[in-house]
Every structure is written in structure tokens, then in C-alpha cells.
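Undergrad: The following block contains a protein sequence and its predicted model.
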Amino acid sequence: MIQEPNSTATGGDRIPDSPMKSILYPTYAYHHPRRQAWRIQVQGNLHRSLPVSLAKRLMLNGLRRALKMPPETSDGRIFQSRVDGFLVTPESGTKVRVVADGFVYQIRARSKRSGLFQGRIDVPLSLLSLDETTANETEPQENPAFMGSQDGRSWQIPSRNGVFTLNTDSEFGSAVGKVYVADRTGLSVITDIDDTIKITDVTSRSRMLSRTFLEPFEPIEGMAALYQRLHQQGAMFHYVSSSPWQIYLPLQEFLDEHGFPGGSMHLKWFRLRDEFFKRWSIIRKKSKAGTIVTMIKRMPQRTFLLIGDSGERDPEIYAKIAKRFSRQVREVWIRDIAGNPMTDLRRERLASWMKGIPLRVFTEPTELVTNE
């Protein structure tokens, strides 16, 4: 039986003592030249823990059928934690206030029907304690040999990246979120999650659903160490995935538990609808290119490393972005998976789009490391 947090009523009755709760998703701040400020892209969710509605019970029944779950499995801790985000009641039409170092900022847009809220705030450069003079005097570090690209170019990554804390106003549950501050120059790593750093089996609908809702998240061996090496040299991370925001908390726990560097998170909100889980694979394939393009445009002096896998459309999405932003995209790394491998024809097509920007295809992270 699915647990209903704080539920003391039946049916769809509102619980008087059910407080509004909020989540602040990890985000990033970038320098806004005209305003001479750090612009923070605030993103989060407002919700209440109310009894599960009939529509959501039907959704859960559909999920159980898709997973071919025996009845006793639905009481499992893993399944419960993965569906919790789908069961809360969103709080829509609400304006959120966030607090940065004692200053209160109003998010202009109201929360959506999903409970999601997004907006931007500008905070003074001094508020984030990143001294511009010091930044200009800081010598960038040269990367070790494994970071050298195939065409012989070397990269330099400034070693300063700040992390700033943001809070929601107490009215919204006092959530705490991290803001990763991007220097004007430096390296940003944009990485996929599923089958790039976490085994998901996206090419198999049944295995993907099982790994998403029933099984412990399993990291791809060696990827955390590779990312930590990049991070130690000053690289900033942005996790851009087709996974649902509703499983953000389990995903963040996975990243923390297995030692992946902190970074901004960019997922998708999945609406509950008829045939939802039968169409899961189709829904996942909606393009994430827009999120990446926006990020690159906002940070025009930074360089980008795009990391993904061959299972879905990462190679094609990344290649087109690399062609469009050839001055900023330094390399594309693709993990080759058996379900949809990088054939010679596919590689040739991508290379024709990328026009000299290195494409590195690997099956094991150690292939990206050379002897120093």
C-alpha cells in the first residue's frame, strides 16, 4: 500500500494542517554584463502532502502493470521513494520569495500547475564574494595529458568556482538550494545522466522502468572518478537529462552517494496522462537541446565539454550544438552502448557536422586517460 505522508483524511479532502513545502533545485549563476550582477536562474517546486487522488491511484496501477509488479513489491522502500514525487499535490499560482544573504527577492512568475516555479534574480557581484581582481590575477591550471584533445590542443581551466546558498522564505518551508557560480571564463561540463553516468538501459522500455522505479541506482564504473578529476581542475558541472523532476531527490542522493561533483540540475517535468508509462520512451525523447543552447548563450566566454551516450539522441544533439557554437564547444565525449552503437556511418555523419571539433567515443572511462 502506498504511504500518504501526513494523511488523516480519506478521498480528496484537504488536510487543514498540511503545510506548504518547497524544493530548491541546484542551479547556477552567471555574470550579467549590463547589470553588473550575478544572475541566478532560480528553479524549484511547491507542493503539499495530501491524500492520494483517484487519478494518481490509477496512475500507480498503470505503473504497477507496466512493471509487472507483484502486490507485495509496492511496499518496498525503493519504489516508495521513486513514486513520492508523483504523489504530492502541486501548489499552483503562488509567487515565491527567496532569500540570499539576508536580502529577500520576489520571483515574478507564479508557480505552474505542476508546482514548478522558475525565475531569475540579480544579486550584487560583492554578495557572492568572488573578487574580480583576484579572478583576473589567478593563473589557470593546465590539464594533465588525459585532458588533451585528439587534435593536440590543450585546455586551461580556471580553478575558481564558487557555491552559494539560496533559501526560500519561511512561508514556503525554508528550503535550501545550492547555486553554482560560473566565472566569466572556464570550462563547463554538460553531462547526461542516464547511461552516461548511471545504468538505465534506455533502449529497453521494460528495463528502463525497472531501473527507474524498482532497483537501486547503479553508477557506471569510473565515471565519478573521471568527473572528480575534471572538477579538481576547476571544471563546473551541469546535469542535463530527460529524467523526470519527480525523481530529483533520489537522483541527487545517487550523485552524492557515489561521489559525483555537485552541479546544476536540469530535468523534465512529466505530466500524468493516459497511457503515460506505455509512452515513457517517446516522452523522454523530446529535445533537451534548448536547455543547453540557452546555457551556452548565457556564458559566451566559457568553453564547454559535452558528455553523453549513444543510446538516444545525445550524439546528434551535441554535434549540431557544436557546429553552431564552434568557438565554445571544445569536445564531445560519447559513451558507446550496445543498444544503439556508434556505427562508422553514424560517426562519419557527426564528424561532417562538427567540422573538426573532436568527437571521442568510449566504452570505458579509462579510455579517456592517457599516461602522464
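TA: Looks like it arrived, so ask away.
Undergrad: CA atoms for contacts and neighbours, from now on please.
TA: Fine.
Undergrad: Now do the contacts for Met265.
TA: By C-alpha atoms under 8 Å, 6 or more residues apart in numbering, the contact list for Met265 reads 25-27, 238-240.
Undergrad: got it, and Trp245?
TA: Contacts of Trp245 (C-alpha under 8 Å, 6+ apart): 85, 267-270.
Undergrad: For Gly119, see how far away it is.
TA: The spacing between Trp245 and Gly119, counted by C-alpha to C-alpha, to the nearest Å, is 17 Å.
Undergrad: do Ile357 as well
TA: As judged by C-alpha to C-alpha, Ile357 and Gly119 stand 34 Å apart.
Undergrad: who's more crowded, the two?
TA: Shown here are Ile357 and Gly119; by other C-alpha atoms under 10 Å, Ile357 has more neighbours (21 against 16).
Undergrad: which regions of this protein sit below the pLDDT cut-off?
TA: Within the chain, the ranges that satisfy pLDDT under 70 run 1-17, 71-75, 127-161, 170, 272-287, 369-372.
Undergrad: Without its sequence neighbours, what residue ends up closest to Gln36?
TA: Leaving aside its sequence neighbours, Gln36 sits nearest to Leu125 (C-alpha to C-alpha, 6 or more residues apart in numbering; 6.9 Å).
Undergrad: buried sites along stretch 49-59?
TA: Residues of stretch 49-59 classed as buried: 49-53, 56, 59 (neighbour count, 16 or more other C-alpha atoms under 10 Å).
Undergrad: Just the ones of these in helices?
TA: 56, 59 (DSSP state H).
Undergrad: before we move on, back to that, would you enumerate the residues in contact with the residue nearest to Gln36?
TA: Per C-alpha under 8 Å, 6+ apart, neighbours of Leu125: 36-38.
Undergrad: just Pro315 next, same as before
TA: Pro315 neighbours (C-alpha under 8 Å, 6+ apart): 308-309, 334, 350.
Undergrad: quick one: the helices in the chain?
TA: Under DSSP H, the chain gives helices at 54-67, 77-87, 132-137, 205-213, 223-232, 248-257, 280-284, 289-298, 314-324, 344-354.
Undergrad: Please identify which of these is closest to Ser18.
TA: Across the helices of the chain, Ser18 has its closest neighbour in helix 77-87 (14.3 Å, C-alpha to C-alpha).
Undergrad: tell me the angle of that closest one relative to helix 54-67?
TA: Angle, helix 77-87 to helix 54-67, by axes from the mean of the first three to the mean of the last three C-alpha atoms, to 10 degrees: 140 degrees.
Undergrad: and the gap between the residue nearest to Gln36 and Arg302?
TA: 18 Å.
Undergrad: swap in Thr200?
TA: Thr200 sits 31 Å away from Arg302, going by C-alpha to C-alpha.
Undergrad: higher neighbour count, the two?
TA: Each of Thr200 and Arg302 has its neighbours counted (other C-alpha under 10 Å); Thr200 has more, 22 against 19.
Undergrad: How much space separates that one from Ser210?
TA: Counting by C-alpha to C-alpha, the gap from Thr200 to Ser210 is 9 Å.
Undergrad: And for Asn45?
TA: Taking C-alpha to C-alpha, one finds Asn45 at 26 Å from Ser210.
Undergrad: show me the contacts for the nearest residue to Tyr25 once chain neighbours are set aside.
TA: Once flanking residues are discounted, Tyr25 sits nearest to Gly44: 5.2 Å by C-alpha to C-alpha, 6+ apart. Gly44 makes contact with 22-25, 116-118, according to C-alpha under 8 Å, 6+ apart.
Undergrad: mind redoing it with 10 Å?
TA: By C-alpha atoms under 10 Å, 6 or more residues apart in numbering, the contact list for Gly44 reads 22-27, 96, 111, 115-119, 168, 175, 177, 245.
Undergrad: CA atoms only: put stretch 186-205 into PDB for me.
TA: C-alpha atoms of stretch 186-205 as PDB (Å, rounded to 0.1, in the frame of the first residue of the first chain):
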ATOM      1  CA  GLY A 186      36.500  28.500 -17.600                       C
ATOM      2  CA  LEU A 187      35.200  25.100 -18.500                       C
ATOM      3  CA  SER A 188      31.600  23.900 -18.100                       C
ATOM      4  CA  VAL A 189      30.900  20.200 -18.400                       C
ATOM      5  CA  ILE A 190      27.300  19.500 -19.600                       C
ATOM      6  CA  THR A 191      26.600  15.900 -19.000                       C
ATOM      7  CA  ASP A 192      23.700  13.500 -19.400                       C
ATOM      8  CA  ILE A 193      22.800  11.100 -16.600                       C
ATOM      9  CA  ASP A 194      21.000   8.000 -17.900                       C
ATOM     10  CA  ASP A 195      23.500   5.500 -19.400                       C
ATOM     11  CA  THR A 196      26.200   8.200 -19.300                       C
ATOM     12  CA  ILE A 197      26.900   8.100 -15.500                       C
ATOM     13  CA  LYS A 198      24.000   5.800 -14.300                       C
ATOM     14  CA  ILE A 199      23.000   2.500 -15.800                       C
ATOM     15  CA  THR A 200      19.400   2.900 -17.000                       C
ATOM     16  CA  ASP A 201      19.100   0.800 -20.200                       C
ATOM     17  CA  VAL A 202      17.100   3.400 -22.000                       C
ATOM     18  CA  THR A 203      16.900   1.300 -25.200                       C
ATOM     19  CA  SER A 204      14.700  -1.200 -23.400                       C
ATOM     20  CA  ARG A 205      11.400   0.200 -22.000                       C
END
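Undergrad: All set now, cheers.
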